[in-house]
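**Student:** for reference, the sequence and a predicted model appear below.
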Amino acid sequence: MSFASVYKVLFKRNSIFVGTVFVGAFLFQTTFDSAITKWYENHNKGKLWKDVKARIGAPEEAEDDE
Amino acid sequence: MLSNLVRSPVALRAISKPVAMTTAKMSTTQLLSKSTYRTPDFGDVIKEDRNMDKSRVFSYFMIGSMGLLSSAGAKSTVETFLSSMSASADVLAMAKVEVNLANIPLGKNVVVKWQGKPVFIRHRTPHEIQEANEVDMSSLKDPQTDADRVQNPEWLIMLGICTHLGCVPIGEAGDFGGWFCPCHGSHYDISGRIRKGPAPLNLEIPAYEFNGDKVIVG
Amino acid sequence: MFSKSIFNRVASKAAARTMATAAGTSAKAASSSKFLITGAALAGVTASGLLYADSLTANAMTAAEHGLHSPEFDWPQNGPFETFDHASIRRGYQVYREVCAACHSLDRVAWRTLVGVSHTNSEVKAMAEEFEYDDEPDDDGNPKKRPGKLADNIPGPYPNEQAARAANQGALPPDLSLIVKARHGGSDYIFSLLTGYPEEPPEGVVLPVGANYNPYFPGGSIAMGRVLFDDLVEYEDGTPATTSQMAKDVTQFLNWASEPEHDERKRQGLKAIIILSSLYLLSVWVKKFKWAGIKTRKFTFTPPKPRK
Amino acid sequence: MLSSIIDYVEELKDQFVPYVAKAEDDVEDSNDADEDEDEDDEDDEDEDEAKDQYDELKEECLNTEKGKELHHHYLECAERVQKQKEQPGYEDLEHKEDCVEEFFHLQHYLDSCAAPRLFSKLK
């Protein structure tokens, strides 16, 4: 898609431009949130409650250190 | 700096121009022909191979992304403020009450507190259920069938607040074998419907659901 | 002495202000700088007077009065993106319950907050049910008791402050809900305090009756004795319950109690930093873009040719 | 804990009455203190380290050059104070020396030496 067509499709009409921005904001919010959460939980793997829960759920599982 | 600007003839002209326009009421063409202002040559600052579409799309994209992030931020700010108005965690924790029905023998009343209000739970006998179903609708002040008032006919669960002035009725009392409000003498039947006295409506039914042996009110 | 110096200060300030206005309006530069110099000198003299007056009432602080500064430990939550170690919180609750709870309350923590942090819903329900709470009076007006619910707060060991003092020779065991926030040094301090009881106080230290020595406690003399000893509790996950292990776990638990929002706060902080910094960069770009036309504007002036 | 240090002090006290204590000698004797501690801990968990990790680290630190020096300072002070206590009229002294400062110096060093390594040994 050339720049000209991008311009025509998205930016030429202000209503479409603003609409795209708002719709994008909604989509961005959810994807950004889940991406950050995923990273954060991966970064803190082993320390979170869900990991602990899995550990105590399984009887006598060898426990890894953090 | 400002005084310099004012003293410089260019700025002076730029400022005085609209004034001249309104006073002399000249047309645009007249004005243009009279004006000494010309678009100067920008040749030395314009890139040779510039792609108008590309730079325009880029500018719009940047401005659009700023708008996107700002509106996402504004949205979550508003959401945060709105969510601060909803019930807090400690209120929500109190919002439901769990009652173990296995401890309530047949034909007994239990009163539990739910959000500060008494909730009557009656384990009705088959005879009582039959009695509640046999009532003639036309004799009721606030007609409602017993089936409308219970999820499980064995268990009658309702708010123990008299619909008249908010007293708490007494169980297993009154002329109709149900509840009796000592404040102003309202009589409720075994389905909690108003039968006699000043109260206008039947005893209110809270939202509840059965979960095995337990009932969760709220 | 003190009031005098206050007066001096106010006077010199007023003088300085009049001087400043005088300097601003009058064109005589020489006299204004003179004023400034006298003003500065006056202010200096006043300040030193004040400092001297303050020093007269100052007490020498000994190292013992400050308490030993606790070292920094490698807590699992150190760092901007690190969460608590919830396994440690779980063990820490056990230590609190079996050891600390004998004297210390945890008033501000409700049972329900433990759910999804260190225990499952049913575990917390069972724990809450072990305690009795005051219920509504029965039909005859007699007080009634009921088992605890998730919505209740964790009960303390004493019904009130007087009872707590009476049971501890007049010393009040502080509530632990916010203790990590309430003490200088936070987790490091709590850990050091718990593990830092020497068997004997340093030579020459005289302790009041019933007091114990702890170098980390300001003043050194603390009513609480050493409570953590190796293998005092038995951890369900088989972690060896050494003194420092228990101290770490219970401190982690208390840190969670003080900052239950901790993990979520760091997650939100990460989001906020990313969004706000990209917004900042974008706004710098947009500002440049908006001003580009104005800043690169050229004015040329060709004088009009005379008509006649 | 500080048990080991305190043990030295106690030993020192015992030794003090007959003759003047030699601080350096006590440092060498640190093994005695270990054995005392082991007795308490050995009862139930054999496969695990029976000793507190923090104590072990601190002991290690105490045996470093600087640890020995600071410990020596502390012991010297303790000895001095002991002596003063035995002087007649000690109770009425206006200023009684204590060893808090020396103790703090030693303890601070042990902390700064042991603390950074401790949490990797804990779970």
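**Tutor:** Right, received. Where do you want to start?

**Student:** so where's chain A uncertain?
**Tutor:** Low-confidence segments of chain A (pLDDT under 70): A:1, A:58-66.

**Student:** 50 instead?
**Tutor:** A:58-66 (pLDDT under 50).

**Student:** what is the neighbour count of the single nearest residue of chain D relative to chain A?
**Tutor:** The nearest approach of chain D to chain A comes at D:K123, 6.2 Å away (C-beta to the nearest C-beta). Quick note: C-beta positions are derived from backbone N, CA and C, even for glycine. Applying other C-beta atoms under 10 Å in any protein chain shown, we find 19 residues neighbouring D:K123.

**Student:** help me confirm that C:R146 comes into contact with C:E132.
**Tutor:** Yes: between C:R146 and C:E132 there is a contact under C-beta atoms under 8 Å: 7.1 Å.

**Student:** and stretch C:84-99, how far out from the chain middle?
**Tutor:** 21 Å (C-alpha atoms, centre = their mean, to the nearest Å).

**Student:** that stretch vs chain D: in contact?
**Tutor:** Yes: counting by C-beta under 8 Å from any C-beta of the partner chain, chain D has neighbours in stretch C:84-99: C:87-88.

**Student:** tell me which element C:A41 falls in.
**Tutor:** helix C:29-57 (DSSP states H and E).

**Student:** what residues of the following helix or strand past that helix count as buried?
**Tutor:** Sequence order places helix C:63-66 as the next helix or strand after helix C:29-57, per DSSP H and E. For helix C:63-66, the neighbour count (16 or more other C-beta atoms under 10 Å in any protein chain shown) marks C:63-64 as buried.

**Student:** which strands and helices lie in contact with helix C:63-66?
**Tutor:** If contacts are counted by 3 or more C-beta pairs under 8 Å, 6 or more residues apart in numbering or on different chains; DSSP states H and E, helix C:63-66 sits against helix D:100-118.

**Student:** what about the helices in the chain?
**Tutor:** Defaulting to chain A. A:3-6, A:14-43, A:49-57 (DSSP state H).

**Student:** actually, chain D is the one I wanted.
**Tutor:** D:3-16, D:23-28, D:30-41, D:53-62, D:65-86, D:100-118.

**Student:** likewise chain C?
**Tutor:** Under DSSP H, chain C gives helices at C:2-25, C:29-57, C:63-66, C:86-98, C:121-129, C:161-167, C:179-182, C:186-195, C:243-258, C:262-295.

**Student:** what does chain B put close to chain A?
**Tutor:** B:51, B:53-54, B:56-57, B:60, B:64, B:67-69, B:71-72, B:75-76.

**Student:** 6 Å instead?
**Tutor:** B:53-54, B:56-57, B:60, B:64, B:67-68, B:71-72 (C-beta under 6 Å from any C-beta of the partner chain).

**Student:** which among the residues you listed end up buried?
**Tutor:** Judged by 16+ other C-beta under 10 Å, buried ones among the residues of chain B next to chain A: B:57, B:60, B:64, B:67-68, B:71-72.

**Student:** show me what the helix holding C:A41 is packed against.
**Tutor:** Packed against helix C:29-57 by the contact rule (3 or more C-beta pairs under 6 Å, 6 or more residues apart in numbering or on different chains; DSSP states H and E) you find helix C:2-25.

**Student:** which SS class is the residue in chain B that chain A sits nearest to?
**Tutor:** At 3.8 Å from chain A, B:D53 is the closest residue in chain B, using C-beta to the nearest C-beta. What DSSP: H, G, I helix; E, B strand; the rest coil gives for B:D53 is helix.
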